[in-house]
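**Q** Dropping a prediction and its sequence here:
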Amino acid sequence: MRRYRKAKIVATLGPATSSVEAIRSLFLAGADVFRFNFSHGSHETHQQNYAFVRQIERETGRPIAVLAELQGPKLRIGLMGEATTLVEGSEFVLDRSPQPGDARRVGLPHQELFDCARPGKTLLIDDGKLQLRVQAVAPDRMVTTVVTGGILSSRKGVNVPDAVIPIPALTEKDIADLEFALTMGVDWVALSFVQTADDVIAAKTRIAGRATVVAKLEKPAAVEHLEQIARQADAVMVARGDLGVELPPERVPAVQKRISRVCRQLGRPVIVATQMLESMIAAPVPTRAEASDVASAIYDGVDAVMLSAESASGRYPREAVQMMDRIIREVEADPLYRNMIDAQQVAALSNRQDAVCGALRDITRIVGANTTIAYTSSGATTSRAARVRPQTPIVGITPSLEVARRMCLTWGVHAAVVPDVKDVDEMITVASNAALNEGFAEDGEEIVIVAGMPFGRHGSTNMLHVARVAQAQDVALSGLPASKSTDEKVTA
């Protein structure tokens with residue numbers, strides 16, 4: 001089973017898709033990665049859904065990635081006695097009292113906000129529907145003026161767009177959820193409300209290599225530290241929901257493109273998320289503007305686009321995945337798409353891995369190869385190959401199922417598990433067999449193989465190999481059909 005597109009689809013599971021039948025239908029419709037949102041659902045529900053995903057993986061013989069997204073330090077006001085209307089120009093106080101709020105005050109159970117607030121700062125309540133400007137701050141009391149009024153009710157979220165809040169990215173709930181997710185066996189962990197690279201470093205220290213890390217960028221402070229965060233993370237998510245609350249809406253498209261460019265330069269997969277096909281929560285087709293939004297992200301060369309409520313709680317989850325699949329395939333079939341991808345080509349970094357992968361892109365074009373094979377033990381070689389966006393699909397082969405699953409998020413990569421190899425000849429045989437068995441090459445066609453030697457060493461990409469595949473009669477490694485090749489080899 002292969003996808004006839006290069007960009008990937010991330011689908012969120014939820015009440016509408018918590019059965020093996022529903023998850024299977026999403027996978028067959030085109031979902032490559034399943035997102036488990038730990039802001040919702042119980043551990044028992046996530047465990048059951050995880051078992052369903054792995055069952056489908058065994059049935060189809062295809063690696064499937066699972067992404068666990070942690071809730072993060074969501075800041076909220078306390079309880080209100082009853083919902084009330086804040087009037088523009090009136091004074092409103094936030095304090096540390098647990099007493100229910102009214103039209104004059106409400107509790108704010110986050111000392112960190114009092115510590116970082118200064119006169120003139122802006123507070124956004126309920127996804128920006130209400131806006132307050134700070135006038136005076138004491139250790140346990142903040143006096144504000146209502147700039148934009150509206151109805152205020154209990155436990156609404158608070159955003160501080162122009163401040164770095166001294167709060168860790170992992171709450172006690174996140175730590176408990178993280179340990180559960182890692183024990184369960186997830187492939188990716190998404191960190192919410194990342195502000196600096198230190199947040200990513202702290203999480204990766206705790207994860208200790210048991211999963212790879214997605215940094216969700218949803219605060220202006222994170223955008224200011226974009227390159228440092230992207231260097232530390234394994235992938236980045238453009239979380240346009242909260243980002244659109246704390247930034248003016250007109251700035252979000254440019255920020256999305258900037259994040260995509262930086263991640264492309266660094267070879268980090270980037271996911272565009274939130275409100276992509278939102279009308280399909282209730283309707284069987286998207287708006288034309290939503291279809292254009294998905295298409296625009298694909299023209300930008302992003303690795304993946306994500307469905308949230310559309311697949312988690314909507315009425316048409318399978319149709320939403322099918323629609324996203326059709327939009328991606330339509331864009332990638334457009335000659336303008338290839339022109340734009342080529343125009344966005346990033347300069348090679350000064351290392352041998354980028355030198356080899358830069359040559360890979362040119363050689364596949366010159367020799368007319370229709371498949372690139374990346375042999376990897378960690379996924380690094382495949383990521384570097386995907387960074388240059390070759391015209392050919394990339395078959396990422398690895399002896400590790402865990403690595404194969406993680407590669408499901410990367411642009412253009414068809415992940416496959418193969419036997420471990422001891423030398424170059426075995427690697428060539430396994431690579432050729434993979435191209436044949438996965439349906440990417442036929443007898444007599446040329447493939448380009450990229451790998452790192454010695455095998456098993458992270459970041460050692462240094463070999464480029466051109467092979468002509470031919471079916472052989474003997475039995476291959478691990479039951480795969482054997483092949484032989486006539487080849488040329490370049491070793492950096």
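**A** Here it is on my side, so go on. Residues are numbered from 1 along each chain as shown.

**Q** And stretch 6-26, what's buried?
**A** Residues of stretch 6-26 classed as buried by neighbour count (16 or more other CB atoms under 10 Å): 6-14, 16-18, 22-26. In this view, the C-beta of every residue, glycine as well, is placed from N, C-alpha and C.

**Q** Ok, stretch 266-283 next?
**A** 266-274, 276-281.

**Q** helices or strands next to the host helix or strand of Val321 in the packing?
**A** Assigned by DSSP states H and E, Val321 falls within helix 317-332. Here helix 317-332 touches strand 8-13, helix 20-29, helix 288-299, strand 304-307, helix 309-312, going by 3 or more CB pairs under 8 Å, 6 or more residues apart in numbering; DSSP states H and E.

**Q** after that helix, next one along is what?
**A** helix 335-343.

**Q** Need the residues that contact that next one.
**A** 298-301, 331, 389, 391 (CB atoms under 8 Å, 6 or more residues apart in numbering).

**Q** quick check, nearest of those to Ile167?
**A** Proximity of these to Ile167, judged by CB to CB, is greatest for Asp300, which lies at 31.9 Å.

**Q** Now that closest one. Its backbone dihedrals?
**A** phi -80, psi -10 (degrees, to the nearest 10).

**Q** and the gap between the residue nearest to it when sequence neighbours are not counted and Val302?
**A** Spatial nearest neighbour of Asp300, excluding adjacent residues (CB to CB, 6 or more residues apart in numbering): Ser260 at 5.0 Å. Noted for Ser260: a distance of 5 Å to Val302, by CB to CB, to the nearest Å.

**Q** Could you export stretch 31-48 as PDB, CA atoms only?
**A** These are the backbone C-alpha positions of stretch 31-48, laid out as PDB (Å, rounded to 0.1, in the frame of the first residue of the first chain):
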ATOM      1  CA  ALA A  31      -4.200   9.400   7.200                       C
ATOM      2  CA  ASP A  32      -0.500   8.800   7.800                       C
ATOM      3  CA  VAL A  33      -0.200   9.900  11.400                       C
ATOM      4  CA  PHE A  34      -2.800   9.700  14.200                       C
ATOM      5  CA  ARG A  35      -2.800  12.400  16.800                       C
ATOM      6  CA  PHE A  36      -3.900  11.600  20.400                       C
ATOM      7  CA  ASN A  37      -4.900  14.900  22.100                       C
ATOM      8  CA  PHE A  38      -4.200  14.600  25.800                       C
ATOM      9  CA  SER A  39      -6.300  17.700  26.500                       C
ATOM     10  CA  HIS A  40      -9.200  15.400  26.100                       C
ATOM     11  CA  GLY A  41     -10.000  11.800  26.700                       C
ATOM     12  CA  SER A  42      -8.900   9.400  29.400                       C
ATOM     13  CA  HIS A  43      -5.800   7.200  29.500                       C
ATOM     14  CA  GLU A  44      -8.000   4.200  29.000                       C
ATOM     15  CA  THR A  45      -9.500   5.700  25.800                       C
ATOM     16  CA  HIS A  46      -6.000   6.600  24.400                       C
ATOM     17  CA  GLN A  47      -4.800   3.100  25.200                       C
ATOM     18  CA  GLN A  48      -7.700   1.500  23.400                       C
END
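
**Q** for the strand or helix carrying Phe92, which positions count as buried?
**A** Counting by DSSP H and E, the element that carries Phe92 is strand 91-95. Within strand 91-95, the residues scored as buried using 16+ other CB under 10 Å are 92-95.

**Q** burial measure for Phe180, as a count.
**A** Look at Phe180: counted by other CB atoms under 10 Å, it has 15 neighbours.

**Q** Does it touch His43 like I think?
**A** Yes. Counting by CB atoms under 8 Å, Phe180 does reach His43; the two are 5.3 Å apart.

**Q** about what we covered before: to Arg58, which of the helices and strands packed on helix 317-332 lies closest?
**A** helix 20-29 (11.6 Å).

**Q** contacting residues around that closest one?
**A** So helix 20-29 is in contact with 11, 13, 16-17, 34, 49, 52-53, 55-56, 59-60, 64, 311, 317-318, 321-322, 325, going by CB under 8 Å, 6+ apart.

**Q** Can you give the strand pairings for the next helix-or-strand element following it, parallel or anti for each?
**A** Note on helix 20-29: by DSSP H and E, the next helix or strand toward the C-terminus is strand 33-37. As defined by DSSP bridges, the strand partners of strand 33-37 come to strand 8-13 (parallel), strand 65-69 (parallel).

**Q** Is it possible to get CSV of those that adds distance to Ile366?
**A** Putting these into CSV (distance: least, CB to CB, whole Å) gives the following:
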stretch, distance to Ile366
strand 8-13, 28
strand 65-69, 33
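
**Q** Is it possible to get the ones you listed out as a markdown table so that each row also shows distance to Leu75 and mean pLDDT?
**A** Formatted as a markdown table, the strands paired with strand 33-37 follow (distance: least, CB to CB, whole Å; pLDDT from 0 to 100):
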| stretch | distance to Leu75 | mean pLDDT |
| --- | --- | --- |
| strand 8-13 | 23 | 98 |
| strand 65-69 | 18 | 98 |
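
**Q** before we move on, the earlier item: max pairwise distance over the contacts of helix 335-343: which two?
**A** So, these by CB to CB: farthest apart are Asp300 and Gln391, at 17.5 Å.

**Q** So for those two, which sits in the more crowded spot?
**A** Looking at Asp300 and Gln391 with other CB under 10 Å, you find the greater number of neighbours at Asp300, namely 19 against 15.

**Q** contacting residues for Pro15?
**A** So Pro15 contacts 312-313 (CB under 8 Å, 6+ apart).

**Q** what residue ranges in this structure score low on pLDDT?
**A** 456, 459, 470-492 (pLDDT under 70).

**Q** Pull the contacting residues for the most centrally placed residue in it.
**A** Centroid check for the chain by CA atoms, centre = their mean gives Ile271 as the closest residue, at 4.0 Å. Going by CB under 8 Å, 6+ apart, Ile271 touches 10, 214, 235-238, 302-306, 409.
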